[in-house]
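**Student:** fold the stuff below for me.
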Amino acid sequence: MRARHGAVATDALSAPVPLVLIVEDEKDLAALLELNLSQAGFEARVTHSGAEGLRLAAEVTPELVLLDLNLPDLSGLDVCRQLRVSTATRSIPVVMLTARSDERDRVSGFESGADDYVVKPFSIRELVLRLRAVLRRTSAEDESRPPVVAGIIRLEPAMHRCFIGGEEVHLTQLEFRLLHHLSSRVDRVQTREVLLEQVWGLSTALETRTVDTHVMRLRDKLGPARDYLQTVRGVGYRLVIPEEAARAAR
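**Tutor:** As a prediction, the model looks like this:
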């Protein structure tokens, strides 16, 4: 995490203060979030529009974006998708904040690239814990994991970069975590429930079809390595390299 202007450390060993960009059109709620997150040890910056949120995310590169779905100009889903497309912002974690609790809305949120999904009304304490959990997870991925090579696939977690046969492929944060998880466990079948827990960080009964949707989209992006990602009927998925796939076919 980076040190921030205006985030004064008490001594040289103090941890940098993570910046959270709050994109929320309800001004009272945005002010409440800003106050409580500041008290919880975050630096918070607020905007009330999706377009301004996209501009600020690229300009100040926050550690996390807290994003409302119902914005006056752009849908929060569209904002999230644009964050994931841009090279400057694609690795920034996004936590969606919304009154929509329907399962289909949650699935849409994750499919657009969100890292977590918090339903209103919520407790500030729970929100803070979930933001910290997302930051810990992404920090561990970005800083402590070495490159992973599986056949022609090469993943570089420190830079959030994926290469297929030497050509860079742009993945969303969730797609990257999914491919990293599978590439680190070559030829080991991963159930949908395990993937939901380990990749999405969910232990709830969220429909497992959200995993299927992400796997389909990831497979399309893998190009010449698309056959590495195999479906194990009735169980889940695994990643194999060509030699192992050939042995399995005999």
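**Student:** helix, strand, or coil at Leu178?
**Tutor:** Here Leu178 is recorded as helix under DSSP: H, G, I helix; E, B strand; the rest coil.
**Student:** so what's it up against?
**Tutor:** Leu195, Val199, His214, Val215, Leu218 (CB atoms under 8 Å, 6 or more residues apart in numbering). Any C-beta I mention is one placed from the backbone N, CA and C, and that applies to glycine too.
**Student:** one more time with 10 Å
**Tutor:** Taking CB atoms under 10 Å, 6 or more residues apart in numbering, we find Leu178 in contact with 171-172, 190, 195, 198-200, 211, 214-215, 217-218, 229, 237, 239.
**Student:** helices of this structure, start to end?
**Tutor:** 27-39, 50-60, 76-85, 103-111, 124-144, 173-183, 192-198, 209-221, 242-249 (DSSP state H).
**Student:** dump those helices into TSV; add mean pLDDT and distance to Ile152 as well.
**Tutor:** Shown next, in TSV, are these (pLDDT from 0 to 100; distance: least, CB to CB, whole Å):
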stretch	mean pLDDT	distance to Ile152
helix 27-39	94	42
helix 50-60	91	31
helix 76-85	90	24
helix 103-111	77	27
helix 124-144	79	22
helix 173-183	87	11
helix 192-198	83	23
helix 209-221	87	14
helix 242-249	53	9
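**Student:** CSV please, covering the ones you listed and showing distance to Arg233.
**Tutor:** Shown next, in CSV, are the helices of the chain (distance: least, CB to CB, whole Å):
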stretch, distance to Arg233
helix 27-39, 45
helix 50-60, 40
helix 76-85, 30
helix 103-111, 22
helix 124-144, 30
helix 173-183, 17
helix 192-198, 12
helix 209-221, 12
helix 242-249, 14
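**Student:** between those, which one is nearest to Pro93?
**Tutor:** Of all the helices of the chain, it is helix 124-144 that lies closest to Pro93, at 4.9 Å by CB to CB.
**Student:** and the closest one with helix 27-39, angle?
**Tutor:** Per axes from the mean of the first three to the mean of the last three CA atoms, to 10 degrees, the angle that helix 124-144 makes with helix 27-39 is 60 degrees.
**Student:** in helix 124-144, what counts as buried?
**Tutor:** For helix 124-144, burial by neighbour count (16 or more other CB atoms under 10 Å) applies to Leu127, Val128, Arg130, Leu131, Val134, Leu135, Arg137, Thr138, Glu141.
**Student:** gap between it and the chain center?
**Tutor:** Centre-to-centre, helix 124-144 and its host chain are 11 Å apart (CA atoms, centre = their mean, to the nearest Å).
**Student:** just stretch 40-54 next, same as before
**Tutor:** 18 Å.
**Student:** could you do stretch 227-242 as well?
**Tutor:** The answer for stretch 227-242 is 23 Å, by CA atoms, centre = their mean.
**Student:** out of the buried residues of helix 124-144, who's nearest Leu29?
**Tutor:** Among those, and counting by CB to CB, the member closest to Leu29 is Leu127, at 11.4 Å.
**Student:** in CSV: the buried residues of helix 124-144, plus distance to Gly109.
**Tutor:** As requested, the buried residues of helix 124-144 are exported to CSV (distance: CB to CB, whole Å):
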residue, distance to Gly109
Leu127, 15
Val128, 20
Arg130, 14
Leu131, 16
Val134, 14
Leu135, 18
Arg137, 17
Thr138, 17
Glu141, 20
